[in-house]
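Asker: Build the 3D model from these lines:
(chains A and B)
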Amino acid sequence: MNCIIILLIYVLGAVATLASNSKNAAKTALVTSLINAVIALILTGEYLNGNDVSFTQQWISNPNISLSFVVDGLSLTMLLLTTLLLPIIILASFNTLYSKANQLYSLVLFMAFAMAGTFLAQDGLVYYIFWELALLPIFFIGLLWGSDEWKIRKRVMVTFFMYTFAGSLFMLAAFAYLYTLTGSFAWSDLSKVVLSTKEANYIFLAFFLAYGIKIPVFPLHTWQANTYEKSPTIGTMLLSGIMLKMGIYSILRWQMPIAGNVSENILKTVIVLCIVGIIYASLIALRSNNLKRLLAYSSMAHVGLVAAGAYVGNSTGYQGSIIQMVAHGFVVVGLFYLADIIYKRYDTYEIKEMGGIRSQAPKFTTFFLIIMFASIGLPGTFGFIGEFTLLFALSEKELLYAVFAGTSIILGAYYMLKMFQNAVLGSTENKVFAEVTTKEYFVLAVICVVLIGLGIYPKLLTDLFIQ
Amino acid sequence: MSTLIALASLAVLILVLEIFNLRKTIVPLTLVGLLVALGLNICDFNSVDSFYNNMIVVNKSTVLFNSLFIVLTFFIVALGQSFYKEQYDKISDYTSLKIFLLIGAYCMVSFGNLVMFFLGLEILSITLYILAGSDRTNIKSNEAGMKYFLMGSFASGFILFGIALIYGATATFDMHQIVLASTQLAMPKWFTVGFTLMLVGLLFKIAAFPFHFWAPDVYQGSPLLTTTTMSTLAKVAAVAAFYKLSEVFFPAMPTNFVNLIAFLIVATLIIGNVMALKQNNIKRLMAYSGISHAGFMLMAILLGKTAEPYLFYYMAAYAISGIAAFSVILYVCQDKKEELVIHFRGFAKHKPVLAITLSLALLSMAGIPILAGFFGKLFLFTEALKQGFYITVITAVITSIISIYYYIKVIIVMFTYKNADTHTVYQKNFMYSAVAVAAIIINLIIGFCPSIIIDLF
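Answerer: Numbers count the residues shown, from 1 in each chain, chains lettered A, B, ... in the order given. Purely as a prediction, here's the structure:
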């Protein structure tokens, strides 16, 4: 079995979905994503047995670029996250009837293809190509299927596109510069390159522009909340669940190994920016009345912590950020799905107009509680392990970082519980909230099982990347 | 050489066919003739030869450049079939003019002598003057033809004066002997002045700062197919000629000459991309986008011999996506008086394939990965960084970011369904769609495997 099969199946699935009619599109996409989830699990088995599942083929001789896809602990974890989350995301949007569904699901699969490629590629340029390719489908998904007036949506999506594209071009320039030093784009060569501090600083900052925008880190985050809000739910899930992990993955894979000897001041500034982002986003989330925006800012706060941990650069930070990436992926998809379910019933994202759900839908409330607690990082859930490891990593670097970043847990608990209180509890007020359907039950149950299961026995996942 | 003879005979044959009233066969026959010429051209691939006292030179690089020109002409002639429907009695003139234009382009890269270069330049320019003014009843076309002619002849004058000064310095028109003279002897001041004057003319021809002012007006006024020709074939031919001259003259220039060119590149990139932001006419938009691409191609010229494959790749990527984009623009604006961006509103609903083609062509120009334009830019950036032109590369990166905005604006307009003019009936046109799709497929192929072009050198 070779890891390139996953990419091929996504492409074939995207074509098949485009060719199918609107009714069957979602099913075709689901089948494709399930096949790939199974293949990813098989690949994991083979990798753990020590088989080589990588693929390398010369592509362009001058400049020297090769199609190289390598599976190691980090990329395999991300691949698993992508392939396992995708069926959940697709199943979660079965409820919504999209016009031209075949085009939408085809774009979704194409995006999954690009994201899987980003995680697998070990040649800087091939990686960059996949990184950019992932941007096009989500842009069109948001533009054509998003909510709100065309004019506003257009402005939001163009801002998003310009922002991310601008950032990644600097990354391309950094790769081009590295190529002039090493004559190769391969990760194995680039990670060995010895840079002077000045060179490392520039390259670090160029990478930071790309990743800081994607994640997003504090001053570069302005596109995020609007884009999450205006995108259709499936787009929001893809963006927050998988796509922003591309940024953190890239810090671990490319930025820190290549530009590791960046000057301490820049590194500290970046970590401080991440921590400022955590507090800033938590405070905004506290004041948000719109459920989707609240989740967007809460996501930004959590990811800020992951990014800070990734920038610490020691092995605790490395492991913590991988764990938390997986946890956050499942949590955020679950949260947006819960918001979507409420929207289906109440036709609003305004928290003030919700309420009275608990007495009508106890199962829904239970799921909401579990996923919310995982988001806050309650012990016993997978979110706790990630957050704890990350805070520990930060304290290894400097205790003060951990203290300030730790406020995210307190603030997170505060705004999430406040939101829960307003949205789910309260009096019924004549609003009918139907209990979750079988499909919804299934999706939420899977997410909860993953979050609690890995929370109790994290070794299942951590064995992949801790030797 | 046989290619040139074949092309010249083809151009005359087209005029003769008109006399015998075989008007219908002209375009198919020309297309076959161009394929034959392409075949003849490729036969010379491995030969190194010169003809008529080194007037015409044949080697690998001229063969490659000429093959590109022939392919572009092939597409442009194919588009002409339906474009000149209303002036079908003049199709032979237009088609043969385009072949003459190709001959001019051929001479502009295959010259071994400055006289031949000037001859080629004039053949190319004069046919373009005529084509720009070819829509006689339209006052804008007249204006465009007049403007282009007046400014273009000044530019030609500068080039001619430059050549004269170079002759004064070296006592020869022959490129080999100029190389010998300029490397072995101390050159008088007017040698530098001569090339600087040629530089003025060449910058005008490729529409680069500070001689770019004609481009938007002339592009806008000219018939759409002429705009296509100008922005693809004529532009890359001029760039190729510039490159051939730069190979000889750049080493003989003062050391800070490189800085001058680098400055011109930075200014061209900024002006082209910033001015394109506010355009609502697609022709003007393409004109400014063309100016910015001239900046990129100048960058390859600045980098010299090692960048030749990259220059060729960039030219091919740019021109092919230009053909694809303009074919769709022709399709949309078939019977519109003006080519406004808003005419594309809701186009994706009517013709999804063509809308995607135009999107891909524009994204290729913007430099989105896997399309050919991306690799064109990447190769240039890598090479420029290698040679240490950091500021130029940073400007190019920033202006690329700016450029994505106006390209994506057109794409979004096509995918706007709300308030779309649902009554618009787009006339079916097989040729436009076929050329557009064919061109974008070539673009994708050279994007997926850039090696097939880069390894030719």
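Asker: for the one helix or strand residue B:322 maps to, packing partners?
Answerer: Using DSSP states H and E, residue B:322 sits within helix B:308-332. If you count contacts as 3 or more C-beta pairs under 8 Å, 6 or more residues apart in numbering or on different chains; DSSP states H and E, helix B:308-332 packs onto helix B:60-83, helix B:224-229, helix B:235-249, helix B:282-303, helix B:352-366, helix B:372-386, helix B:430-448, helix B:451-454. For glycine as for every other residue, the C-beta is placed from the backbone atoms N, C-alpha and C.
Asker: the inter-axis angle of it versus helix B:282-303?
Answerer: Relative orientation of helix B:308-332 and helix B:282-303, computed by axes from the mean of the first three to the mean of the last three C-alpha atoms, to 10 degrees: 180 degrees.
Asker: now helix B:308-332: how far from the chain's centre is it?
Answerer: With C-alpha atoms, centre = their mean, to the nearest Å as the basis, helix B:308-332 stands 8 Å off its chain's centre.
Asker: What average pLDDT does it get?
Answerer: For helix B:308-332, the mean pLDDT works out to 92.
Asker: So for the next helix or strand after it, mean pLDDT?
Answerer: Proceeding N to C from helix B:308-332, the next assigned helix or strand is helix B:347-350, under DSSP H and E. Helix B:347-350 shows a mean pLDDT of 83.
Asker: Next: stretch B:126-136.
Answerer: 90.
Asker: The residue in the stretch 351-467 of chain A that chain B sits nearest to - nearest residue in space that isn't next to it in sequence?
Answerer: Minimum separation of the stretch 351-467 of chain A from chain B (C-beta to the nearest C-beta) falls at residue A:353, amounting to 27.1 Å. Take residue A:353 and drop its neighbours on the chain: the residue closest to it by C-beta to C-beta, 6 or more residues apart in numbering or on different chains is residue A:346, 6.6 Å away.
Asker: Determine the number of other residues adjacent to residue B:56.
Answerer: 21 (other C-beta atoms under 10 Å in any protein chain shown).
Asker: So for residue A:318, what pLDDT did the model give?
Answerer: Looking at residue A:318, its pLDDT reads 89.
Asker: typo on my end, residue B:425
Answerer: 69.
Asker: same check, this time on residue B:417
Answerer: Taking residue B:417 on its own, its pLDDT is 68.
Asker: Residue B:426 touches residue B:348, doesn't it?
Answerer: No: Residue B:426 lies out of contact with residue B:348 (C-beta atoms under 8 Å); the separation is 11.8 Å.
Asker: Comparing the two, which residue is more hemmed in?
Answerer: Set side by side, residue B:426 and residue B:348 show more neighbours around residue B:348, with 22 against 13, by other C-beta under 10 Å.
Asker: how near is the more buried one to residue B:400?
Answerer: Residue B:348 sits at a distance of 25 Å from residue B:400 (criterion: C-beta to C-beta, to the nearest Å).
Asker: Same question for residue A:273.
Answerer: Separation of residue A:273 from residue B:400 (C-beta to C-beta) stands at 26 Å.
Asker: Point me to the residue of chain B nearest chain A.
Answerer: Counting by C-beta to the nearest C-beta, chain B gets nearest chain A through residue B:369, at 3.9 Å.
Asker: Next up, the contacts around the nearest residue to that residue once chain neighbours are set aside.
Answerer: Distance criterion C-beta to C-beta, 6+ apart; nearest residue to residue B:369, sequence neighbours excluded, is residue A:129 at 3.9 Å. By C-beta atoms under 8 Å, 6 or more residues apart in numbering or on different chains, the contact set of residue A:129 is A:117, A:121, B:369, B:370, B:374.
Asker: Secondary structure element for residue A:129, which one?
Answerer: Assigned by DSSP H and E, residue A:129 falls in helix A:124-133.
Asker: Also compute the angle for that helix relative to helix B:372-386, please.
Answerer: Using the same axes, to 10 degrees: helix A:124-133 against helix B:372-386 is 130 degrees.
Asker: Around chain A, which positions in chain B sit nearby?
Answerer: For chain B, the contact set with chain A under C-beta under 8 Å from any C-beta of the partner chain comprises B:309, B:363, B:368-370, B:374-375, B:378-379, B:381-382, B:385-386, B:393-394, B:397, B:400-401, B:404-405, B:408-409, B:412, B:415-416, B:418, B:449-451, B:454-455.
Asker: now those: which count as buried?
Answerer: Among these, those buried by neighbour count (16 or more other C-beta atoms under 10 Å in any protein chain shown) are B:309, B:363, B:368-370, B:374-375, B:378-379, B:381-382, B:385-386, B:393, B:397, B:400-401, B:404-405, B:408-409, B:412, B:415-416, B:450, B:454.
Asker: for the lengthiest helix in chain B, the distance to its chain's centre please.
Answerer: Determined from DSSP state H, the single longest helix within chain B is helix B:139-170. Remark: helix B:139-170 is offset 18 Å from the chain centroid, using C-alpha atoms, centre = their mean.
Asker: can you state the direction angle for it and helix B:235-249?
Answerer: Going by the same axes, to 10 degrees, helix B:139-170 makes 10 degrees with helix B:235-249.
Asker: what packs against helix B:139-170?
Answerer: With 3+ C-beta pairs under 8 Å, 6+ apart as the test, helix B:139-170 has helix B:114-132, helix B:175-184, helix B:189-205, helix B:214-221 packed against it.
Asker: Can you tell me which of the ones you listed is packed in deepest?
Answerer: Highest mean neighbour count among the helices and strands packed on helix B:139-170 (mean count of other C-beta atoms under 10 Å in any protein chain shown): helix B:214-221, with a mean of 23.
Asker: Alpha carbons of that helix, as CSV, please.
Answerer: Provided in CSV are the C-alpha atoms of helix B:214-221 (Å, rounded to 0.1, in the frame of the first residue of the first chain):
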residue,chain,number,x,y,z
TRP,B,214,0.1,53.7,-25.4
ALA,B,215,-0.9,50.2,-24.4
PRO,B,216,-4.2,50.7,-22.6
ASP,B,217,-5.6,53.1,-25.2
VAL,B,218,-4.5,51.1,-28.2
TYR,B,219,-5.6,47.8,-26.6
GLN,B,220,-9.0,49.3,-25.9
GLY,B,221,-9.5,50.9,-29.3
